[in-house]
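Asks: Following is a predicted model, sequence given first.
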Amino acid sequence: MDLEILKDFNSYTNNKWQLKSFDERQAELISQKFDTSYLIAKLFSIRQISVDDISSYLNPTLKDNIPDPNILVDMDKACERLLAAIKNKEKIAIIGDYDVDGSTSTSCLIKYFKSINVEVIYHIPDRFSEGYGPNKKTFQSFKDQNINIIFTLDCGTVAYEEIKFAKENCMDVIVIDHHQAEINLPEAYAMINPNRLDDTTKLGYLAAVGVTFMFIIGLNRKLRENNWFNDSLKEPNIIALLDMVSLGTICDVVPLIGINRLLVQKGLEVFSKNSNTGLAALIEKANISNKISTYDLGFKLGPRINAGGRLGKSKHGTELLTSEDSLEARKIATELDNFNKERQTIEAHILKSAIESLTTEQLEKKIIFAFGQDWHEGVIGIIASRIKQKFNKPCIVFSSKNGIAKGSGRSVKGIDLGNLIIAATQKGIITQGGGHAMAAGLTIDEDKISNLQDFIEGRLTGNEQLNENIENYADSIINISAINTELYDDINQLGPFGSNNEEPNFIIKSTKITFIKEFGDNHIRCGLNSDIDKNVEGIAFRSKNTPLGDAIMVNKGKQVSLYGKIKVNEWGGRRIPQLHIEDIGKEIK
């Protein structure tokens, strides 16, 4: 019945609404066995969580769900090497990426080593003067400081020349990464990467910080087995690192399934203890007063940490996360907040220029390329993400200077951008590049950009699921009167939500828009009335002067249908249910 009423339905913004499929018999069984509502049972069925797995899904434990770290190729080899290095007091250095995943990976390892009285030095490359990943100049600096072991975190998988240089200079490199690997690997002492082609763990969905945490588990166990801990050196509480692990996992937009979901769930619990001085300062600066959510991690904390790397202060994120001085932490948090505001201004200007530059011919291609001279390299990845969202196609944005272009790309489901960039690198089209399925970075001669687009267009078969009009998939159709705090709490049993564990969306068949009010930065608030005269608050973020906002405005006082997420606004001790509106259509009768 529900499927039938949506058969020829198009929203006022010209999007199709679809219902996700599920097993009705399984939903009935789940509802009866776990004494839950049919709607919640339906959500479990949609996510294909079996009856046997629901109990562990609702109450997962690290002990029962984290696999033995040694299943990862080279893990035991790396842990043995570190055991010897710690015993022999060898000198250790870390080089990490400048994004949130890299900063959290680096910070986790620094804090762990500090907790076991092992000194390390670290370096976060400058995005503009050094670029992504290891470089020979940094490795030479490490050599000059008599470093014996170098960790590369969230980078290093394709650093062939740099790692060869380190090996020739008697430094052992341990790569901890998750980016796509080629058949031939660099000459690292150990390459811990679940995306290397000979790794069979099926843990390729981990962020680098997740792989780093697995290494810390393995090393901690190795030290315990060798009786390293005693009355004067207590075994560290590595669970305390999970706030940073959850932050890096969410911000790298890796699938929130399996171990990732567990790490984030437990990490959010660690956040509630407010034990990380730097994160506490950033939370305060971001004006987060309620219980931390994945939204806060991805859209409030993450962008501020990333802003440092984007605007030439690559170490700021790691300095904040490892700080134990509250005054210092507040100072860094304030600077990162200011960088983020500056980044937003730059981004808005370049996004406008990028969209205006796109021709009809460019928009008809399978992958969109946007190009500009001397665009700020720190924001081109964000611009690519915005264009991808707007046109529902993968996008690469290039900034060129003196004939050399830096590119940053974002993809959509079904198109592995990292593999495409690696293939283009192997063909000699790209000077340097890499990434993973949903994101990639590259360096290319400006005059080869059109060759790259032709190459990618040729590699895409045309069978990829790309639609000009977005299809909004809903988990269920409900009445506006069903929205309350109890339903919100029940839904959140399936969380935390993120990539590949999307927060449920619902279709409201019929509701009357009773009032409309603009607020904040282009947001719209409205009143939604049910047939039993119950009022629910509706919020449409960043919708002013958009097709969604315009459709809401012209339908004041009318009956409409809505598509969106159920939320709760916690303020002054009150919990107010809301519908976050993502689309609007005619009333469904």
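Replies: Okay, I see it.
Asks: So what touches stretch 544-563?
Replies: When contacts are defined by CB atoms under 8 Å, 6 or more residues apart in numbering, stretch 544-563 is touched by residues 11-14, 17, 472, 474, 505-516, 518, 522-524, 526, 528, 538, 540, 543, 579, 581-588. (Each C-beta comes from the backbone N, C-alpha and C, glycine too.)
Asks: I'd like the next helix or strand past the least confident helix or strand in the chain by mean pLDDT.
Replies: Among the helical and strand segments of the chain, the one scoring lowest on mean pLDDT, DSSP states H and E is helix 2-5, with a mean of 63. Beyond helix 2-5 in the direction of the C-terminus, DSSP states H and E gives the next helix or strand as strand 16-19.
Asks: if I read this right, residue 110 contacts residue 318, doesn't it?
Replies: Yes. Here residue 110 reaches residue 318: they are 7.3 Å apart, a contact under CB atoms under 8 Å.
Asks: Can you pull the residues that touch both of these two?
Replies: By CB under 8 Å, 6+ apart, the residues touching both residue 110 and residue 318 are residue 122.
Asks: if we can go back for a sec, would you mind listing which of the contacts of stretch 544-563 are buried?
Replies: Buried by 16 or more other CB atoms under 10 Å: 11-13, 17, 472, 474, 505-513, 516, 524, 526, 528, 538, 540, 543, 579, 581-585, 588, out of these.
Asks: Residue 110 and residue 318 - which one has more neighbours?
Replies: Remark: of residue 110 and residue 318, residue 318 carries more neighbours, 26 against 20, as counted by other CB atoms under 10 Å.
Asks: That one is in what secondary structure piece?
Replies: Following DSSP H and E, one finds residue 318 within helix 316-322.
Asks: Report the rounded mean pLDDT for that helix.
Replies: Mean pLDDT, helix 316-322: 98.
Asks: Now do that helix: everything it contacts.
Replies: Against helix 316-322 from outside (CB under 8 Å, 6+ apart): 96, 98, 100, 103-104, 106-107, 110-111, 114, 122, 124, 244, 276, 278-279, 281-282, 305-306, 308-309, 329, 332-333, 335-336, 339.
Asks: again, but for stretch 394-402
Replies: With CB under 8 Å, 6+ apart, stretch 394-402 has contacts from 354, 366-377, 380-381, 383-385, 387-388, 405-412, 415, 417, 440, 442, 444, 446, 449.
Asks: Mind doing that once more with 7 Å?
Replies: For stretch 394-402, contacts defined as CB atoms under 7 Å, 6 or more residues apart in numbering pick out 354, 367-375, 377, 380, 383-384, 387-388, 405-412, 415, 417, 446, 449.
Asks: again, but for stretch 10-22
Replies: Here stretch 10-22 has contacts from 2-3, 6, 9, 42, 45-46, 469-475, 507, 547-548, 551, 563, 583-585, using CB under 7 Å, 6+ apart.
Asks: Are any of the residues you listed buried, and if so which?
Replies: 6, 42, 45-46, 470, 472, 474-475, 507, 548, 551, 563, 583-585.
Asks: out of those, who's nearest residue 141?
Replies: residue 470 (48.5 Å; CB to CB).
Asks: What are the buried residues along stretch 293-300?
Replies: 293, 294, 296, 297, 298, 300.
Asks: element containing residue 180, please.
Replies: Going by DSSP H and E, residue 180 is not in any helix or strand.
Asks: Can you get me a residue count around it?
Replies: 24.
Asks: Which pLDDT value belongs to the residue lying closest to residue 91 once chain neighbours are set aside?
Replies: Closest residue in space to residue 91, ignoring its immediate chain neighbours: residue 147 at 4.9 Å, by CB to CB, 6 or more residues apart in numbering. Listed pLDDT for residue 147 reads 98.
Asks: ok, what's across the strand from residue 440?
Replies: residue 409, residue 435 (DSSP bridges).
Asks: where do the strands sit along the stretch 101-250 of the chain?
Replies: Secondary structure of the stretch 101-250 of the chain by DSSP state E, counting those that start in this stretch: the strands cover 120-123, 149-153, 172-176, 190-192.
Asks: Run through who's touching the third one.
Replies: The set of residues external to strand 172-176 that reach it, using CB under 7 Å, 6+ apart, is 78, 81, 105, 148-153, 156-157, 163, 166, 188-193, 208, 211-212, 215.
Asks: repeat that for 8 Å
Replies: Contacts for strand 172-176 (CB under 8 Å, 6+ apart): 78, 81-82, 105, 134, 148-154, 156-157, 159, 163, 166-167, 186, 188-193, 208, 211-212, 215.
Asks: Quick one: buried ones out of those?
Replies: Members of the contacts of strand 172-176 classed as buried by 16+ other CB under 10 Å are 78, 81-82, 105, 134, 148-154, 156-157, 159, 163, 166, 186, 188-193, 208, 211-212, 215.
Asks: Among these, name the ones in helices.
Replies: 78, 81, 82, 105, 163, 166, 208, 211, 212, 215 (DSSP state H).
Asks: And those residues, which is closest to residue 325?
Replies: residue 105 (22.2 Å).
Asks: Just to check, that closest one is in contact with residue 206?
Replies: No. Look at residue 105 against residue 206 with CB under 8 Å: they stay out of range, at 11.0 Å.
Asks: Pass me the low-pLDDT residue ranges in this protein, would you?
Replies: Across the chain, the ranges flagged by pLDDT under 70 are 1-5, 462-470, 532.
Asks: domains for it, by residue range?
Replies: Annotated domains of the chain cover 2-20+475-586, 22-54, 69-335, 358-459 [automatic domain parsing].
Asks: Using CSV, lay out those together with distance to residue 350.
Replies: CSV is the format used below for the domains of the chain (distance: least, CB to CB, whole Å):
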stretch, distance to residue 350
domain 2-20+475-586, 18
domain 22-54, 38
domain 69-335, 12
domain 358-459, 5
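Asks: any idea how far residue 410 is from residue 368?
Replies: 10 Å (CB to CB, to the nearest Å).
Asks: Which neighbours do these two have in common?
Replies: Joint contacts of residue 410 and residue 368 (CB under 8 Å, 6+ apart) are 388, 394, 395.
Asks: and those, which of them are in strands?
Replies: Residues of those located in strands (DSSP state E): residue 395.
Asks: May I see the shared contacts of residue 410 and residue 368 arranged in a markdown table, with neighbour count as well?
Replies: Listed next are the shared contacts of residue 410 and residue 368 as a markdown table, based on neighbours: other CB atoms under 10 Å:
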| residue | neighbour count |
| --- | --- |
| 388 | 21 |
| 394 | 28 |
| 395 | 25 |
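Asks: Check the shared contacts of residue 410 and residue 368 against residue 489 and report the nearest one.
Replies: Using CB to CB, these come closest to residue 489 at residue 388, 33.0 Å.
Asks: The closest one contacts residue 408, correct?
Replies: No. Counting by CB under 8 Å, residue 388 stays clear of residue 408, with 11.2 Å between them.
Asks: Ramachandran angles for residue 455?
Replies: phi -60, psi -50 (degrees, to the nearest 10).
Asks: check contacts around it.
Replies: So residue 455 contacts 423, 424, 427, 429 (CB under 8 Å, 6+ apart).
Asks: Let me know the closest of those to residue 223.
Replies: Closest to residue 223, out of all of the contacts of residue 455 and judged by CB to CB, is residue 423, at 41.5 Å.
Asks: Number of residues surrounding that closest one?
Replies: By other CB under 10 Å, neighbour count at residue 423 equals 17.
Asks: what kind of secondary structure is it in?
Replies: Put simply, residue 423 is helix when judged by DSSP: H, G, I helix; E, B strand; the rest coil.
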